[in-house]
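J.: With the sequence up front, the predicted model follows.
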Amino acid sequence: VQLQASGGGLVQPGGSLRLSCAVSGSLFSPNFMGWYRQAPGKQRELVATITSGGVTNYPDSAKGRFTISRDNAKNTVYLQMNSLNVEDTAVYYCNANGLDKSRTYYNAWGQGTQVTVSS
């Protein structure tokens, strides 16, 4: 199973970005999909998750600013980020779990995409 993330970049404070992550090799649409981030010198932290049924979860730092969504037909998860601030600067990683085509459980990570918020 492979996850391919895209959409990171440089944005000014108050700006927006949309991240995408496509999953290949999954037998069915992944059970859980999510986004995490890791800033320099810090531990990886949760940004948002979404179940196959569309139930979402956000930490307080993301509520009201970030929106996670998914397209089950495309096995793709998205993260719309609005009102970005410098504290959002990090490498963003997508995550997915489910069954691969050999019916083996997987918990896979994307390669990470850099988001830099700076004026």
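T.: Arrived safely, thanks for sending.

J.: Residue nearest the middle of the chain, spatially speaking?
T.: residue 35 (2.7 Å; C-alpha atoms, centre = their mean).

J.: Just to check, it is in contact with residue 48?
T.: Yes - here residue 35 lies in contact with residue 48, judged by C-beta atoms under 8 Å, at a distance of 5.2 Å. Yep, even glycine has a C-beta here, placed from its N, CA and C like the rest.

J.: list the residues that contact both of the two?
T.: Common neighbours of residue 35 and residue 48, using C-beta atoms under 8 Å, 6 or more residues apart in numbering, are 68, 79.

J.: Have a look at the protein and report its longest strand.
T.: Assignment by DSSP state E gives strand 90-99 as the longest strand of the chain.

J.: tell me what it is packed against?
T.: Judged by 3 or more C-beta pairs under 8 Å, 6 or more residues apart in numbering; DSSP states H and E, strand 90-99 is in contact with strand 2-6, strand 17-24, strand 32-38, strand 76-81, strand 105-109, strand 113-117.

J.: tilt between it and strand 2-6?
T.: Counting by axes from the mean of the first three to the mean of the last three C-alpha atoms, to 10 degrees, strand 90-99 lies at 150 degrees to strand 2-6.
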